[in-house]
Every structure is written in structure tokens, then in C-alpha cells.
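Peer 1: Sequence first, then the predicted structure:
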Amino acid sequence: MPVLPGAQSESDPLRIVLVKHARDAWPDDACVERQWRALGYPARPDLARAHAESDRFIELLRSLGADVRLVRNEDAPGQSAIRNPQSAIGLDSLYVRDAAVACEQGVVLCRMGKPARHAEPAALERALAAEHVPVHGHITGDGRIEGGDVVWLGPRTLAVGRKRGAAPLELLGLITLYDPPREDSRQIIADMQNYGVEVKMVTGDNLAIAREMNIQIWLPVFPGVLGYAYALYGRVTEGLTLLDEAVSQAERRMRIGRGLWLSFLSEAYLLAGRPADAVAVAQRGLEGTRQRHERGDEARNLRALAEATAQTDPPDFAMADRLFREAAALANELGMRPLAGHCHAGLAKLCRRTRKRMESDEHFRTAAAMFHGMGMTYWLGKLEASMKEVE
């Protein structure tokens, strides 16, 4: 369970706030006079005004229901005080947020940019120990960051900025944190799908996270779909790599979806000029889908096997014709009209190659009408171009 729930938010209501009063950071005029120039302040701070503004700030926080905990240099009777060593006193120690970044697991102590502030994180660590707030980590080595330079945009997204001199704060980028799924998520999803429940996963708008979550706990949707798209648009080598990944993920984690990716992989092999591999993959897909009674993916692999068989050396036109017709019949039975259209397109090209012109024209008209009716203009254009190639 998180130690500090809600800490990774800049918009949730404040519950506990650590504040250092200006009276503790700027105890007297002599302290201000010694430090303000070296710290790069544009003008000498007004001590009395700073003390008054701190009073009003604390009153405002408490009026909003926040439990204000004062980071002090010495205990003050009647107040909830946190001790802070005298050695860490500095004008900039007023900005308590700079010394740490709060997260749900505790705080990450920063490493300050100004040498005069190097003691602040250690002092804050000792102060936080009194409040039983754990330290989740430290910025070490050459790292430099201050809490005021980062903002939680959401519980898993941190914005990081940089400020140089009098220039405005510059946004450096966003850090998206890894939030692993539960170990039993994959099995729960598989059980639900086995009972006929359609599962959809909401992963936000970050593509990399969505892809990784799909690979880990659900279907390998992103590599499979992206690989198929790459293959269709000419990036065949990349497409084959992604489709191999999709098939491998499906075989290792759950069988659902394997038949679909195998049919896509078969098509990609054809586009790569490897019809023998296309035949072998489609045969694997057909065997598995029939064993698992996945009739939709069975139809897809029948059509993929027909396309591959028609392009082997030598081609088996009779077998390809039988497979296309079997795939079309199953597609029509299942209401898979786009697939049925592809089967008619395949038969149109096959019949043209085997000098069955009238039958070819009939299948062409059927496929063209189906593609046009479903708005599949890309495939209609591909069909028209391919028919000219086999004239």
C-alpha cells in the first residue's frame, strides 16, 4: 500500500503540508544581509513583510483544512514542530519543497544546485524522520534537481523543468513511470475470455505503455497489428519481425489470437517473396484454429493458404481454387464480408491466370462491389491494379 496516498498529484486537496516560516529561514536582518547577494536575489528581502506573509500563508492553508507541520530550528511551545539543525539555516531553506520530491512511497531527497543549499536535504531527512515519513531514495553522483523544478501532472507522469538565472522556467520533458500489472491479471483476462466475456483494456494515451501492457497481460495486439500494417505498406522486414513477436507472445502466454497473427504472418511472407514459408505458416494456423474451433481465424488461414498455394513454384491452381471457395463459404456463413470480398478478389486473379475469363470477371465484379459498398477503397485500388498485371 502507498505510504503517502495522493502525493503524486498537484490538484488533490492538501491534507498534510510541511512549511518553513520565514521567521526560521530569515531570523534577523544580519542573516539576510550576509546571504542575499551570494544567493543571487535581485533585491534585499523585506524581513518584516516576509514574516507577515508567512503568517497569512499558514492561516490560509489551515483554513482550507490542511494539517500544517512547521519545519523549525527549535521547538516552539504549543505548535506541531519539526526540528531542523541550526547548521542548515539559509535564506533559501524557506523553500522546503526544493529539498525533496514527494511520491506515494515517501520522498526522494534532492541534490541542490547551489552550494549554499547542499545541507538542506540532509536536514530535511532528519526532520521527516520525526514525522515517520520514509525516504524512498536520494539523488546522488552528478545529479542535480530541486523539488520546485518538477510537477506531478498525474499519478504516473512527472514534468521536469529547468531555470537558468532570470530566464523563465523551461520544460525539459515528461517522465512516465512504470506501473506493473498484477501477477494474476493475465490469467483473470484469459478466464473471462474463455467464458465469452469481451475484454478491452484502457491504458491512457501513452503508446509505449499501452504496447507493453498488451504484451504483458493481454493479447499481443500492438506488434501484430503494427507488423501487418508495416508489411502492407512496404516495410516488410520490420513487419515480419513484429508479427513473429506477436505469434511468439501468443504461443507463450495464451493461445487466443495466435491464428489471426499466423494468417497475417503468412501474407507478410508472400509480400517478402517467400511463398513456401507462407504456406507453412498458414498450414500451422489452419491446424490450430480447427483444433480450437476458432472458425473466424480458420477462414482467414484458409484464404492465406490459398494465396500462398497460388504462388508456389510450381503453383497448385486447383488446390488454391478449392481453398479460396472454402474460405469464402465460411466467411459468408460467419458474416465476415471483408474476408469474403478478399476471397472473390483472389478467385478473380486466379481464374484470370488459368484463362477462365468469364468466371474471373464475375468474381472481380463481386469483389469490387463488396469493397465499394464497405468503403474499402484501398483494397479496391489494389484489386484493379493487380488485375491489370495478370492480363
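Peer 2: Good, I have the coordinates.
Peer 1: Which helix or strand contains Gly165?
Peer 2: With elements taken from DSSP states H and E, nothing contains Gly165; it lies in neither a helix nor a strand.
Peer 1: separation between Asp98 and Tyr41?
Peer 2: For Asp98, the distance to Tyr41 equals 15 Å [C-beta to C-beta, to the nearest Å]. C-beta coordinates here come from the backbone N, C-alpha and C atoms, glycine included.
Peer 1: Settle it for me: which of these two has more neighbours?
Peer 2: Under the neighbour definition other C-beta atoms under 10 Å, Asp98 and Tyr41 were set side by side, and Asp98 has more, 22 against 13.
Peer 1: which one is that one nearest to, not counting chain neighbours?
Peer 2: Nearest residue to Asp98 in three dimensions, chain neighbours excluded: Glu146, at 4.1 Å (C-beta to C-beta, 6 or more residues apart in numbering).
Peer 1: which residues touch that neighbour?
Peer 2: Going by C-beta atoms under 8 Å, 6 or more residues apart in numbering, Glu146 touches Asp98, Ala99, Cys110, Met112, Gly113.
Peer 1: Most widely separated two among the residues you listed?
Peer 2: Ala99 and Gly113 (11.9 Å; C-beta to C-beta).
Peer 1: Those two - which one has more neighbours?
Peer 2: For Ala99 versus Gly113, the count of surrounding residues by other C-beta under 10 Å is larger for Ala99: 30 against 15.
Peer 1: so what's the more buried one scoring on pLDDT?
Peer 2: We have a pLDDT of 91 for Ala99.
Peer 1: Surely it is in contact with His118?
Peer 2: No. Contact between Ala99 and His118 fails when scored by C-beta atoms under 8 Å: they sit 10.4 Å apart.
Peer 1: shared neighbours of these two, anything?
Peer 2: Common neighbours of Ala99 and His118 (C-beta under 8 Å, 6+ apart) are Met112.
Peer 1: separation between Glu389 and Cys343?
Peer 2: 19 Å.
Peer 1: out of these two, which sits in the busier spot?
Peer 2: Of the pair Glu389 and Cys343, Cys343 is the one with more neighbours under other C-beta under 10 Å, namely 30 against 8.
Peer 1: Domain boundaries for the chain, per the record?
Peer 2: Annotated domains of the chain cover 16-148, 185-389 [automatic domain parsing].
Peer 1: The residue lying closest to Cys343 once chain neighbours are set aside: what's it in contact with?
Peer 2: Setting aside the residues directly before and after it, Cys343 is nearest to Ala328 in space (C-beta to C-beta, 6+ apart), at 3.7 Å. Taking C-beta under 8 Å, 6+ apart as the contact definition, Ala328 lies against Arg303, Ala340, Cys343, His344, Leu347.
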